[in-house]
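**Q** show me the folded form of this:
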Amino acid sequence: MRKIDRRIVIIVSVIFILGLAYGLMRFLIAQKEEPPVRRSLESRRYVKVESVKYSSISSSISETGRLSSIAEIDIVAEASGKIEGGQVSLKKGARFSKGDVLFVVYPDEAILSLKARKSQYQNILASIIPDLVIDYPEAEEAFGQ
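**A** Predicted coordinates for the structure are as follows:
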């Protein structure tokens, strides 16, 4: 047999097998019994209704207990230092209004801390200048020597 004849036989065989499979599938589907149709049971629910009567209702509420605010406020200091009380004592239930001084921050410690850091910076800078003069001799005038 030649190659072309062999290819034709293979193609025809594949088409025949696919056709046979399709026919068998249709036959088996036709043999299947359809399930019986169930009727849905209709159920009715009864609800008691009343007609609307428009009227005004007045109610008074009196309660005792503790109240809490809706919004919580976090107070953060912009500067550090010693804190001393202001015009209002900050105890539970104390009242104050806008503009009342709650406490006073004395910045003495913060100022002294800033001066100490500035002194440390100047000491470190003074120890580095000789190295900079050696590394960059053309910029010696900028270092102030």
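**Q** so who does residue 12 touch?
**A** By CB atoms under 8 Å, 6 or more residues apart in numbering, residue 12 lies in contact with nothing. All C-beta atoms are positioned from the backbone trio N, CA, C, and that covers glycine.
**Q** what residues sit buried inside the lowest-mean-pLDDT helix or strand in the chain?
**A** For the chain, counting by mean pLDDT, DSSP states H and E, strand 82-85 ranks last in confidence among helices and strands (a mean of 78). Across strand 82-85, burial judged by 16 or more other CB atoms under 10 Å covers no residue at all.
**Q** adjacent strands (with direction) for it?
**A** Neighbouring strands of strand 82-85 in its sheet, by DSSP bridges, are strand 103-106 (antiparallel).
**Q** ok, then the element right after the partner strand?
**A** Once the chain leaves strand 103-106, the next helix or strand it forms, by DSSP states H and E, is helix 108-135.
**Q** and that next one, what does it pack against?
**A** Contact here means 3 or more CB pairs under 8 Å, 6 or more residues apart in numbering; DSSP states H and E; on that basis helix 108-135 packs against no helix or strand.
**Q** any weak-confidence spans in this protein?
**A** Across the chain, the ranges flagged by pLDDT under 70 are 1, 79, 143-145.
**Q** how's it carved up into domains?
**A** 1-32, 106-145 (automatic domain parsing).
**Q** now render these as TSV, adding distance to residue 82.
**A** As requested, the domains of the chain are exported to TSV (distance: least, CB to CB, whole Å):
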stretch	distance to residue 82
domain 1-32	92
domain 106-145	4
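**Q** residue 47: which of the ones you listed is closest?
**A** Nearest of those to residue 47, taken as CB to CB: domain 1-32 at 44.6 Å.
**Q** starting at the chain centroid, how far to that closest one?
**A** Between the centre of domain 1-32 and the centre of its host chain there is 61 Å, according to CA atoms, centre = their mean, to the nearest Å.
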